[in-house]
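**Student:** Everything below, folded, please.
(chains A and B)
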Amino acid sequence: DAMVIQNPRYQVTQFGKPVTLSCSQTLNHNVMYWYQQKSSQAPKLLFHYYDKDFNNEADTPDNFQSRRPNTSFCFLDIRSPGLGDAAMYLCATSRNIAGGPETQYFGPGTRLLVL
Amino acid sequence: SQKIEQNSEALNIQEGKTATLTCNYTNYSPAYLQWYRQDPGRGPVFLLLIRENEKEKRKERLKVTFDTTLKQSLFHITASQPADSATYLCALDRGDYKLSFGAGTTVTVRA
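**Tutor:** Sure thing, here's the model as predicted:
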């Protein structure tokens, strides 16, 4: 089945120690997104890629970076995780249809714990 | 500033009843609105999309309405079942392939 896969499902890191979260998709969608979701809050968009074009949200901290080496894979790098970065990180994809609505397909998420 | 508000309280209902969830927004003019379901510890799953020129959309036991004058969408689950227990998120089109999500309403259906 076509899907969005996130690894690992749970990640524990230490305060200040860089961490990378992975996302892959078999949907061949051209847009990929990273969201941060804290308990009982709305998913917050961090950035997205339209093909290779990177689009950062204005309020995304510099501590968060992303890479998309090809259509299928996207990575979220947190350079120096703080306690406030503990959250669920969701990867999503969508297929851009010119002028059309964008339904997003989400992965299962990676739960990040910062000690 | 732009704001999306969903029922602040969790919804507890008896099996077989209709659950009605609200999504209100300000300072948006979305071309469409979507509803997603999110189970604990999982990613959201798309349920329904309604465009600004549509008043109502149905899918099986789900119904969505969209009132652009009131800036409100209602989401109904009819003949609810315990398996419908989840958090339901509304999402508004921001343009440029992006969505803004509400914080969700948690629904618990009692058998």
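**Student:** can you map out the strands along chain A?
**Tutor:** Counting by DSSP state E, one finds strands in chain A at the ranges A:4-7, A:10-13, A:19-25, A:31-37, A:44-50, A:53-56, A:64-67, A:73-78, A:87-94, A:105-106, A:110-114.
**Student:** how about those strands, which one is nearest chain B?
**Tutor:** Closest approach to chain B among the strands of chain A (C-beta to the nearest C-beta): strand A:105-106, 3.2 Å. (Glycine included, C-beta is placed from N, CA and C.)
**Student:** what bits of chain A have low per-residue confidence?
**Tutor:** Confidence mapping of chain A against pLDDT under 70 gives the ranges A:1-2, A:98-100.
**Student:** tell me which parts of it are close to chain B?
**Tutor:** A:4, A:6, A:31, A:33, A:40-43, A:45, A:48, A:50, A:55, A:88, A:90-92, A:94, A:96, A:101-109, A:111 (C-beta under 8 Å from any C-beta of the partner chain).
**Student:** isn't residue B:27 right up against residue B:2?
**Tutor:** Yes - Residue B:27 is within contact range of residue B:2, at 4.5 Å (criterion: C-beta atoms under 8 Å).
**Student:** which ones are touching the residue nearest to residue B:96 when sequence neighbours are not counted?
**Tutor:** Sequence neighbours aside, residue A:55 is the residue nearest to residue B:96 in space, at 7.7 Å (criterion: C-beta to C-beta, 6 or more residues apart in numbering or on different chains). Applying C-beta atoms under 8 Å, 6 or more residues apart in numbering or on different chains, we find residue A:55 in contact with A:47, A:48, A:49, B:96.
**Student:** what about the closest residue in space to residue A:5 that isn't next to it in sequence, how many neighbours?
**Tutor:** Closest residue in space to residue A:5, ignoring its immediate chain neighbours: residue A:24 at 4.9 Å, by C-beta to C-beta, 6+ apart. Residues contacting residue A:24 under the criterion other C-beta atoms under 10 Å in any protein chain shown number 19.
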